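Fold the following, please.
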Amino acid sequence: MATEKKYYIGTGNVSASPLDAAGMPTQFTDLGESPVFELTQTIEWAENKSTGREGPNMIDMRIPISRELEVKITVKEHTKRTLELISHATVTEVEADSVTDEELPVGFEAGHIYHPANSNIDTDTVVITDDAGSPSTLAEGTHYRVSESGAITFLDVDAADAVAATATVTFADQPDVDQTTVVGGKTYTWKASGAVGDQINIGDDIETSATNLAVKVNTDTATTLCTAAPHPSTVTLTANTPGVAGNSITLTTDGVNLTDANFSGGDDADALVQPFHLAYDYGVSLNAALLSQTPEAVCLVLDGKNLTNSPDQNLFARVDNIRLSAAPIQLKSGSAAGTGNTANEYELTGKAQLRPDKTAADGYGDIHTW
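Have a look, this model is predicted:
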């Protein structure tokens with residue numbers, strides 16, 4: 001009869017559970033990709049050597065006086081549970097929220113970087129204002145830039161650029177014949193057709209009339225003191241020269257079909273006043289306060305499988321009570337050739353302890369095969 005070969009090549013999932021007040025495991029959490037689960041057994045012996053005339057001393061007593069079990073696991077994934085084990089921290093989930101006024105320290109200069117108090121910043125929502133009585137809004141790309149991480153790099157903190165005033169003309173309906181619209185130093189008269197000089201043709205629809213007004217304003221921009229952009233039922237006007245003077249540009253419409261929102265929002269260039277104030281939205285993130293907790297006692301389990309053709313295809317290994325030592329946390333690696341291209345591995349080791357309800361005869365855990 002051929003001898004059955006029982007070789008072993010192990011694979012499987014590693015999970016960990018906290019221990020309750022009685023030292024018993026509760027809920028296990030899979031630790032994700034865990035390529036190593038290794039047990040190292042160490043026995044310390046007490047020995048005696050007999051002495052006599054008959055020959056060299058010989059060991060006549062050798063008994064074990066201590067038995068230790070060291071465990072090494074390697075984890076790779078940045079899950080909430082593995083972050084708790086490698087950083088010895090209680091990992092908390094920060095809920096999404098918004099900040100309306102995060103006050104920065106004073107003293108920022110061009111090139112300085114500010115990291116907001118929260119992570120996972122929605123960079124499209126970042127707004128920075130200064131501390132002036134009438135706050136100036138800093139312009140992205142001019143005064144600062146925001147990286148994908150949410151970090152803010154200041155580019156120019158000396159002055160806020162002047163802001164051009166804007167206004168709108170809204171078309172509720174077509175203009176009436178001989179109705180007038182005054183923009184800056186120009187008075188335009190609406191005509192059914194054949195417009196000349198300072199006259200504007202009423203279009204076949206509101207959108208065409210709005211376009212006709214915008215074209216006329218842009219033709220006379222030196223006199224209207226602004227430029228125009230048409231939309232389906234409105235025309236947006238922007239002062240040629242940024243500053244508060246643009247708020248005084250004349251804009252009037254008569255009749256009931258056209259309404260105007262006067263020029264406003266123009267602001268002169270002025271010095272930026274620190275501290276700056278930051279507003280933004282942020283999303284969910286995980287927060288681990290490094291080494292903020294005493295290493296917790298856990299129960300470790302390997303739910304394994306034998307990859308060979310051995311009849312014993314399954315393996316279950318359990319270490320009842322162990323505190324794992326902190327591992328090196330490599331958050332960046334690389335060389336002159338570039339950034340590292342292998343996934344990080346975190347090696348955790350510890351010595352097992354007897355579970356409170358067990359004795360030395362029970363051991364530190366067990367291994368089952370079937």
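
can we go C-alpha only for contacts and neighbour counts from here?
OK.

tell me the contacts of Phe171?
Phe171 sits next to Ile206, Ala210, Ser233, Thr234, Asn257, Leu258, Thr259 when contact means C-alpha atoms under 8 Å, 6 or more residues apart in numbering.

Just the buried ones among these, please.
Among those, those scoring as buried are Ile206, Ala210, Ser233, Thr234, Leu258, Thr259 (criterion: 16 or more other C-alpha atoms under 10 Å).

domains of this protein?
10-46+65-90+291-369, 94-161+271-286, 166-268 (automatic domain parsing).

Out of these, which is the most enclosed?
Most buried of these by mean neighbour count (mean count of other C-alpha atoms under 10 Å) is domain 166-268; its value is a mean of 18.

Take the buried ones among the contacts of Phe171 and keep only those in strands.
Of the positions in those, Thr234, Leu258, Thr259 sit in strands, assigned by DSSP state E.

For the nearest residue to the first one once chain neighbours are set aside, pull up the helix or strand it's in.
Which is Thr234. Among residues not flanking Thr234 along the chain, Thr170 sits closest, at 4.4 Å (C-alpha to C-alpha, 6 or more residues apart in numbering). Element membership for Thr170, per DSSP states H and E: strand 166-171.

Run through who's touching the lengthiest strand in the chain.
What stands out as the longest strand in the chain, according to DSSP E, is strand 58-75. With contacts defined as C-alpha under 8 Å, 6+ apart, strand 58-75 is touched by 31-51, 82, 345-352, 364.

again with stretch 254-266
Under C-alpha under 8 Å, 6+ apart, the answer for stretch 254-266 is 162-176, 179-181, 242-253.

With stretch 203-220 instead?
Applying C-alpha under 8 Å, 6+ apart, the external contacts of stretch 203-220 come out as 171, 173-174, 183, 192, 200-202, 224, 226-235.

Out of those residues, which sit inside helices?
Of the contacts of stretch 203-220, the ones assigned to helices by DSSP state H are Thr224.

for stretch 19-29, what is the average pLDDT?
Over the span of stretch 19-29, the pLDDT mean works out to 95.

so how far is it from its chain's centroid?
In terms of C-alpha atoms, centre = their mean, to the nearest Å, the centre of stretch 19-29 is found 32 Å from the chain centre.

Render the CA-only coordinates of that stretch in CSV, please.
Taking Å, rounded to 0.1, in the frame of the first residue of the first chain, the C-alpha atoms of stretch 19-29 are listed here in CSV:
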residue,chain,number,x,y,z
LEU,A,19,-11.7,40.3,24.3
ASP,A,20,-14.5,41.0,26.7
ALA,A,21,-14.1,41.4,30.5
ALA,A,22,-13.9,37.7,30.9
GLY,A,23,-11.1,37.4,28.3
MET,A,24,-13.5,35.8,25.7
PRO,A,25,-13.5,36.9,22.0
THR,A,26,-16.6,38.7,20.7
GLN,A,27,-16.9,39.8,17.1
PHE,A,28,-14.2,38.9,14.6
THR,A,29,-13.2,41.2,11.8
